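1. Give the three-dimensional model of this entry:
(chains A and B)
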Amino acid sequence: DAKTTQPPSMDCAEGRAANLPCNHSTISGNEYVYWYRQIHSQGPQYIIHGLKNNETNEMASLIITEDRKSSTLILPHATLRDTAVYYCIVKSSSGSARQLTFGSGTQLTVLP
Amino acid sequence: DSGVTQTPKHLITATGQRVTLRCSPRSGDLSVYWYQQSLDQGLQFLIQYYNGEERAKGNILERFSAQQFPDLHSELNLSSLELGDSALYFCASSTGGGTGELFFGEGSRLTVL
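-> Predicted structure coming up:
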């Protein structure tokens, strides 16, 4: 599976949009981009995933560039409860979920 | 609430001892995964079961073992515990197949003294 690169940390003001970038320049055509987050010492939580089209759900939006080499997770109105480590993961469509590799992620801190 | 239940939430024990961690997956999920998260190593995949059978092994020590029972709950057994085994242990479940959508429990925090 392709590796991902994320900034180690980011800050965001409460109520503003949080835009978390992820680089996955070696992504293959059958690989999905997944986002998870982990609030301190809690179990990771699935957020969203996509292949090439932009995706939106009740938690976030996922914007994938046309060449698929990078993506951005958008939390439209960040709250203090969104403070967490956010993981961007690439996984092939045929691979098992055990192939999800949780790297270091981005520590997002939402400031009051 | 992910629907995945883990017990106990906290466990303190001594070196050399043996403990068992329990996981109940979401209703209908056939796959169970165990992960270890220590301060210096991030989230590490240990082992996966699917419908009662071992499907894959990751970085699981020989002192550790797991099983999935007919009712689909799973247990992770840790024996001859060492100080370095102190960590958060997470269980996750999924429907199986190629989905990357995992549902994690709240974890069991093991402290070995």
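
2. Just the closest residue of chain A to chain B, please.
-> Closest residue of chain A to chain B, CB to the nearest CB: A:G43 (3.2 Å). For every residue, glycine as well, the C-beta is placed using N, CA and C.

3. dump the residue contacts of that residue.
-> B:S2, B:V4, B:F90, B:A92, B:F104, B:G105, B:E106, B:G107 (CB atoms under 8 Å, 6 or more residues apart in numbering or on different chains).

4. what's the answer for B:I60, then?
-> So B:I60 contacts B:W34, B:L46, B:I47, B:A66 (CB under 8 Å, 6+ apart).

5. The same query, at a cut-off of 10 Å, please.
-> Contacts for B:I60 (CB atoms under 10 Å, 6 or more residues apart in numbering or on different chains) come out as B:W34, B:Q36, B:Q44, B:F45, B:L46, B:I47, B:A66, B:L76.

6. Looking at the contacts of A:G43, which are in strands?
-> Judged by DSSP state E, those include B:F90, B:A92, B:F104 as members of strands.

7. For those, pick the one with the most neighbours.
-> B:A92 (30 neighbours; other CB atoms under 10 Å in any protein chain shown).

8. so that one sits right up against B:S31, yeah?
-> Yes: using CB atoms under 10 Å, B:A92 is in contact with B:S31, at 8.5 Å.

9. per-residue pLDDT, the residue of chain A closest to chain B?
-> On the pLDDT scale, A:G43 is placed at 94.

10. Equivalent analysis for A:C22, please.
-> Looking at A:C22, its pLDDT is 97.

11. Also the one 5 residues further on?
-> According to the prediction, A:I27 has pLDDT 92.

12. So what's the residue count around B:R22?
-> Neighbour tally, B:R22, other CB under 10 Å: 15.

13. Sorry, wrong one. I was asking about B:T20.
-> By other CB under 10 Å, the residues close to B:T20 number 15.

14. which SSE is it in?
-> strand B:19-24 (DSSP states H and E).

15. and that strand with chain A, contact?
-> No: figure legend: strand B:19-24 not in contact with chain A (CB under 10 Å from any CB of the partner chain); closest approach 11.0 Å.
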